[in-house]
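J.: This is a predicted model, with the sequence first.
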Amino acid sequence: MIVDATDLFSQTVPESHARFLEAARDLAVVTFTHPLTGPAGEPLQTAVARLGPADARNVLLCISGIHGIEGFAGSALQVGALRDREALLDLGPDMAVVFVHQINPWGAAWGRKENENNQELLRHIYHLHRPRSPNPVFTALAEVMDYPSIRTLDEFLAARSRARLLADRFTPEEIGAGLVPGQDTHPTLFTFNGGPRAWSADVMEHVVKTHVAGAERVVVFDLHTAVGPWGETVIMEESPVGSETHRRVESWCGPLWPWGEGKQFYEWIGDLSPGTEVISLTLECGTLQLGPKDQYIFALESWLHHYGDRNAPEAAPYMARFRDVFYPATPEWMRAVWSHGGPRWKQITSGFRRWIETP
């Protein structure tokens with residue numbers, strides 16, 4: 001039983017890594033050290049632990065931190081599950097849980113969603129296995145905004161009105177649909193997912209080949225923040241509404257949050273493990289409810305990282321708001337997230353077990 005949920009959460013990558021190692025101290029843990037360090041020169045590490053038989057044919061693959069800063073909440077949920085595993089993890093004899101802890105430690109350490117190459121890793125890894133489509137919306141955005149020419153924060157804020165020029169080229173629907181999938185042509189623009197293979201992609205594929213290859217069923221449990229009501233958790237599933245898989249997951253977790261992107265981001269696991277049935281679940285811990293005036297915050301954070309100064313006094317309120325979008329880190333939010341998110345483990349492992357045991 002978790003006495004105080006705030007003890008599950010961390011503020012730095014070394015702190016979260018230490019908490020994870022302590023919670024998994026009776027398990028075999030493999031640590032991967034990132035080639036770069038954090039802002040204080042600290043080492044950055046991804047850890048992998050397996051609970052359950054080495055030859056289990058049914059694997060729950062739980063990933064935290066693919067979006068960097070979101071990994072602190074994901075880490076807390078993993079640490080809590082390991083600490084209170086007897087109550088929360090309903091594993092059958094042919095089931096295992098593989099915990100991938102802080103897969104993007106650089107992003108977490110530096111307070112970014114992206115990795116050291118400015119790559120949005122979820123889409124970067126997906127597109128290593130699936131071709132991208134050209135994205136003319138981002139090309140136009142780069143042209144009209146001309147972020148490298150902006151020299152000060154005040155100039156950036158004043159330049160926001162330039163985005164209206166996109167309306168001369170695209171409909172509102174085209175703009176919205178174009179911004180969601182990201183792009184691979186502008187390495188310093190937000191939602192970049194191209195570039196060379198990321199360090200984290202190599203680690204992720206190693207984990208899949210080591211722990212998943214040959215399994216009959218895999219449920220991916222990908223931990224995120226930002227979507228949903230403040231302090232609550234919502235579950236998204238990537239298959240079409242009304243499909244057998246979607247109905248199955250609803251029977252485990254209750255009503256699912258709408259999934260509008262149309263991509264199954266972990267279907268590539270089936271490429272590395274032919275014959276394995278893969279279901280992907282995304283858990284989101286709700287934070288701020290962003291309004292239309294907040295949408296520029298993502299472009300601003302990216303501009304500050306590449307061309308400005310994230311640590312400048314005038315940037316502080318914007319960076320604080322950006323952090324609150326992904327990791328509010330107040331005791332009230334931490335306790336609410338664990339109270340709502342902790343029971344998700346029992347829902348998912350029990351549902352997975354029923355799927356296995358049902359003829």
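T.: That came through fine.

J.: CA atoms for contacts and neighbours, from now on please.
T.: Fine.

J.: Tell me the first helix or strand C-terminal of the helix or strand of the chain with the lowest mean pLDDT.
T.: Lowest on mean pLDDT, DSSP states H and E among the helices and strands of the chain sits helix 172-179, with a mean of 90. Where DSSP states H and E defines the elements, the next helix or strand beyond helix 172-179 is helix 199-211.

J.: Please, where are all the strands along the stretch 51-200 of the chain?
T.: Taking DSSP state E, counting those that start in this stretch as the criterion, the stretch 51-200 of the chain contains strands spanning 58-64, 95-101.

J.: looking at these, which is closest to Ala140?
T.: Set against Ala140 and scored by Cα to Cα, these come closest in strand 58-64, at 33.3 Å.

J.: Partner strands of the closest one, with direction?
T.: Strand pairing for strand 58-64, determined by DSSP bridges: strand 95-101 (parallel), strand 217-226 (parallel).

J.: got a list of contacts for stretch 29-42?
T.: Where contact means Cα atoms under 8 Å, 6 or more residues apart in numbering, the residues beyond stretch 29-42 that reach it are 14, 21, 43-50, 105-106, 109-110, 199, 203.

J.: Taking those residues, tell me the two that lie furthest apart.
T.: Taking Cα to Cα, no two of the contacts of stretch 29-42 sit farther apart than Arg50 and Trp110, at 27.6 Å.

J.: Now do Val100 against Glu15, distance only.
T.: As judged by Cα to Cα, to the nearest Å, Val100 and Glu15 stand 16 Å apart.

J.: who's more crowded, these two?
T.: In this comparison of Val100 against Glu15, neighbours counted by other Cα atoms under 10 Å, the higher total goes to Val100 at 25 against 12.

J.: was I right about Pro43 contacting Pro14?
T.: Yes: in terms of Cα atoms under 8 Å, Pro43 counts as a neighbour of Pro14; the distance is 7.2 Å.

J.: So for the least confident helix or strand of the chain, what gets flagged as buried?
T.: By neighbour count, and taking 16 or more other Cα atoms under 10 Å as the criterion, the buried residues in helix 172-179 are Ile175, Gly178, Leu179.

J.: what's the angle between the helix or strand harbouring Glu332 and strand 217-226?
T.: Counting by DSSP H and E, the secondary-structure element that holds Glu332 is helix 331-341. With axes from the mean of the first three to the mean of the last three Cα atoms, to 10 degrees as the criterion, the two stretches helix 331-341 and strand 217-226 enclose an angle of 160 degrees.
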